[in-house]
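*Asks:* coords please:
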Amino acid sequence: SQSRYCPYEVQLTQVSGIVVKYDFNDNQFSEEAHFDKKIKLTQKTLQLMSEPDNRIRRVLSFNHYGGKGVKYHAEEEILSEFHQFIEEWDNPILVIQNAIFDMRFLNTRHPNLKFTNEVLDTKDIIQLYYLPALQKLSESEDWAREMVERIGTSTRDNGLISSSLSRIGPALGLNMTGYHDALTDCRLAMQMFQKIVEFLKQHQDLDIKKYQAERILTKKS
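*Replies:* Predicted coordinates:
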């Protein structure tokens with residue numbers, strides 16, 4: 001349910017980001033720096049973990065939480081440091097997969113911090129450009145039809161083709177080792193975005209309005 005993701009209530013476990021410079025002409029990203037810190041568990045989380053059949057331990061394992069030799073910090077401290085890290089760069093654009101989810105947390109959890117940077121949501125690029133282009137090509141190209149089938153549909157996309165990194169990444173041939181570690185996900189998102197940009201540059205003359213409209217109507221419902 002949506003209440004599980006309330007930005008005022010749930011436990012944050014990791015804040016990560018990478019700084020990249022992008023060469024549009026060559027479609028190349030070069031990593032300049034990264035931020036990656038884990039957040040210590042709250043008393044509420046520790047109490048919930050003691051309850052029978054609680055799923056928190058499974059989720060933490062899924063998110064690669066609890067590794068040896070890792071330092072854990074207070075959430076407010078990490079958010080302050082992450083804000084300072086972002087401020088070190090000249091008006092950066094935040095490129096995030098499913099940005100609405102992340103930005104709700106970044107802009108509600110610290111009492112004195114707001115991230116006001118421009119945001120590019122790679123999920124929107126996938127839903128409104130990449131997948132419609134792939135669907136259009138699937139009308140006549142077997143490889144595109146196979147790609148659509150490989151990605152599959154998702155209830156989170158209201159029954160349309162999935163726009164999840166977990167589905168798009170493997171279909172694009174990305175090595176998903178370490179997926180759901182926040183820093184790894186940042187790097188995977190950049191690799192995915194790079195491949196999608198190259199794909200869209202190659203197929204920029206396609207008429208994809210039909211599939212864009214289908215997605216937009218679904219997003220509004």
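*Asks:* shaky segments in this protein?
*Replies:* When residues are selected by pLDDT under 70, those of the chain lie in 1-6, 220-221.
*Asks:* Which parts of it are helices?
*Replies:* 43-49, 56-62, 75-87, 99-106, 122-125, 131-138, 142-151, 165-171, 182-202, 209-220 (DSSP state H).
*Asks:* Identify the residues contacting the fourth one?
*Replies:* By CB atoms under 8 Å, 6 or more residues apart in numbering, the list of residues contacting helix 99-106 from outside reads 5, 7, 12, 79, 82, 94, 96, 113, 115, 119-121, 123. In short, each C-beta sits where N, CA and C put it, glycine included.
*Asks:* if I look at the residue most central in space within the chain, how far off is I151?
*Replies:* Residue closest to the average C-alpha location in the chain (CA atoms, centre = their mean): Q97, at 2.8 Å. In this view, Q97 and I151 are 15 Å apart by CB to CB, to the nearest Å.
*Asks:* do the same with T116
*Replies:* 34 Å.
*Asks:* These two - which one has more neighbours?
*Replies:* Neighbours per residue (other CB atoms under 10 Å) separate T116 from I151, with I151 holding more: 21 against 6.
*Asks:* Pretty sure the more buried one sits against R167.
*Replies:* Yes: counting by CB atoms under 8 Å, I151 touches R167, with 4.8 Å between them.
*Asks:* show me what contacts the residue nearest to the centre of the chain?
*Replies:* Contacts for Q97 were tallied using CB under 8 Å, 6+ apart; they are 121-123, 165, 185, 189, 192.
*Asks:* can you rerun that using 10 Å?
*Replies:* Contacts for Q97 (CB atoms under 10 Å, 6 or more residues apart in numbering) come out as 121-126, 163-165, 168-169, 185-186, 188-190, 192-193.
*Asks:* cool, and A144?
*Replies:* With CB under 10 Å, 6+ apart, A144 has these contacts: 133-138, 203.
*Asks:* if we can go back for a sec, got any residues that touch both of I151 and R167?
*Replies:* In contact with both I151 and R167: 126, 161, using CB under 10 Å, 6+ apart.
*Asks:* tell me which strands and helices the strand ranked longest in the chain is in contact with?
*Replies:* The residue-count maximum for a strand in the chain (DSSP state E) belongs to strand 28-39. Here strand 28-39 touches strand 14-23, strand 72-73, helix 75-87, helix 182-202, going by 3 or more CB pairs under 10 Å, 6 or more residues apart in numbering; DSSP states H and E.
*Asks:* Let's see that with 6 Å instead.
*Replies:* Helices and strands touching strand 28-39, as assessed by 3 or more CB pairs under 6 Å, 6 or more residues apart in numbering; DSSP states H and E, comprise strand 14-23, helix 75-87, helix 182-202.
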